[in-house]
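1. output the structure for:
(chains A and B, ligands or ions: 2)
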Amino acid sequence: MSRLHLSAESVPALARHARLRFDRNRERWVLLVPERVMTPDEICVEILQACDGRATVGGLTAMLEQKYRAEPGVIAREVLALLQDLADRGYLIDREAA
Amino acid sequence: MDDRAFTEPGPARPTAPGLPMAVLAELTHRCPLQCPYCSNPVELEAASRELSRDEWQRVIGELAALGVLQIHFSGGEPLVRRDLVDLVAHADGAGLYTNLITSAVMFTPAKVAELAEAGLAHVQVSLQGASAALAERIGGFRGGHARKIEAAGWVREAGMALTLNAVMHRQNLDELPRIIEMAVEMGAQRLEVAHVQYYGWALKNRAALMPTLAQLDEATRTVEEAQARLAGVLAIDYVIPDYYAVRPKTCMGGWGRQFFNISPSGKVLPCHAAETITGLRFDSVREAPLAEIWQRSEALNLYRGTAWMQEPCRSCIHAEEDFGGCRCQAFALAGDAAATDPACAKSPLHAGLFSLAGAEAEAGSDRFLYRNFSGGAPEG
Ligand code: SF4
Ligand code: SF4
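-> Ligands and ions are numbered 1, 2, ... in the order given. Alright, predicted model coming up:
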């Protein structure tokens, strides 16, 4: 196994064992992963939902930039950092690399 | 993104428990292995007392309704149960995240495929050592080691997450560097390096299991070096042994707060070792709805929150963080489940514990008492 490095061309998708669900009892989104329950904030949920195994990191960043009218670059850095962190924990795969 | 494992704010008052996050479902106490530190009670529950498939399916529905998000199928060896695939499918269908805790020696490629098909997300395989000779001496089961390594490969091929759980003690700590390399070779995402916790069977075997302080320091160095080197490849969780610790573990995230355990016969326990505290009465899912047990169980309410605490915990700033440590350990070592866990440096028993650990590690017998249904078998 080697480390997965994401770039703008990567096509991220949640791994089979990382499951994004709406928790009806607590009325919030949760990311269920081995031994942990993570509680993503709104923007993070949006990013994870955009990781559909078809969009590239660059593509989903552009979509968010447009939606939030953000200055170019700011969102890109944040998205890549978040996704790389999830990849390092083994929760994301790259369909491009696969 | 919030990384704290379990972020649900806990109740301070015993009458208002929050929603539980995860449950350990002990399907059976039967197991082909006989590890001398097994976390099952010394009085194992007979197969005839086990909950049936229908009973488990009803309970799984109640768990999901109650707010539980993750179910850990455990044992004994859960693969002993013929209905395991049905139970996994039922839990997955109810929206629960499923994890299987297994020794893996009973896996077949067909069984792995069926479990993956049923929705199983995560498999946690126990490792007794790195070399077959030592691992099989500890587990008391010939041929198990090679089977485990093979089965881990099937799990990865089926796309399920793989965690290895290595229980460490004096007899196998010297193999830790090799265990870490094995975890990488086997394609695991996570490795848990957990020192033995001493209650039940492990308490009986404490003299043979207690590590030396030198071994512990070496293990900590090995883990820290590997964590840095393997970032992004293998996550290593490390649990240091209580007897050499300064602060106690936040046992189960607090008694009756976020987790519970269901025993093979349906008893609802705050943790898998809680039956070692004699005199507690546990409710069974056979007698009452789970939601009612979670709210009203006398045993769960007894040590919920912080109101039950004595000094030094009562006035300690860490009371809401570690909830006074482990109740089972307090009972085993201080004779009072409401005492401060002797693993804490503020416990009057702490210094004695530290020197006892050192003495047992230096002079204790290496001979095991193996876990079985008849009170244990001495190593021959
Ligand atoms: S600790 Fe060993 S004996 Fe106990 S259930 Fe696990 S594999 Fe079986
Ligand atoms: S005194 Fe009690 S609450 Fe304080 S650190 Fe020790 S065990 Fe925890």
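2. elements contacting the longest helix along chain A?
-> Under DSSP state H, the helix in chain A containing the largest number of residues is helix A:74-88. Helix A:74-88 sits against helix A:42-50, helix A:57-68, strand A:92-94, with contacts defined as 3 or more C-beta pairs under 8 Å, 6 or more residues apart in numbering or on different chains; DSSP states H and E. For the C-beta atoms, the positions are set from N, CA and C on the backbone; glycine is no exception.
3. recalculate using a threshold of 6 Å.
-> In this structure, helix A:74-88 packs against helix A:57-68, with contacts taken as 3 or more C-beta pairs under 6 Å, 6 or more residues apart in numbering or on different chains; DSSP states H and E.
4. hmm, back to that, what's the angle between the longest helix of chain A and helix A:42-50?
-> Direction vectors for helix A:74-88 and helix A:42-50, defined by axes from the mean of the first three to the mean of the last three C-alpha atoms, to 10 degrees, enclose an angle of 70 degrees.
5. any idea how far A:Glu96 is from ligand 1?
-> Using C-beta to the nearest ligand atom, to the nearest Å, A:Glu96 is found at 40 Å from ligand 1.
6. helix/strand/coil for that residue?
-> coil (DSSP: H, G, I helix; E, B strand; the rest coil).
7. phi, psi of the closest residue to it other than its chain neighbours?
-> Among residues not flanking A:Glu96 along the chain, A:Val11 sits closest, at 4.3 Å (C-beta to C-beta, 6 or more residues apart in numbering or on different chains). The phi/psi pair for A:Val11 (degrees, to the nearest 10) reads phi -120, psi 90.
8. what's near enough to touch the residue nearest to B:Ser284 when sequence neighbours are not counted?
-> Using C-beta to C-beta, 6+ apart and skipping the chain neighbours, the partner closest in space to B:Ser284 is B:Gly266 (4.4 Å). Counting by C-beta atoms under 6 Å, 6 or more residues apart in numbering or on different chains, B:Gly266 touches B:51, B:284-286.
9. again, only this time at 8 Å
-> Each residue near B:Gly266 by C-beta atoms under 8 Å, 6 or more residues apart in numbering or on different chains is listed here: B:51, B:55, B:59, B:284-286.
10. before we move on, the earlier item: touching, the residue nearest to A:Glu96 and A:Leu83? I think so.
-> No. With contact defined as C-beta atoms under 8 Å, A:Val11 does not reach A:Leu83; the gap is 11.1 Å.
11. please identify every residue contacting each of these two.
-> Here A:Val11 and A:Leu83 share the contacting residues A:Val57, scored by C-beta under 8 Å, 6+ apart.
12. what's the neighbour count on whichever residue of chain A sits closest to ligand 1?
-> Residue nearest to ligand 1 within chain A (C-beta to the nearest ligand atom): A:Glu35, separated by 17.2 Å. A:Glu35 has 19 neighbouring residues, counting by other C-beta atoms under 10 Å in any protein chain shown.
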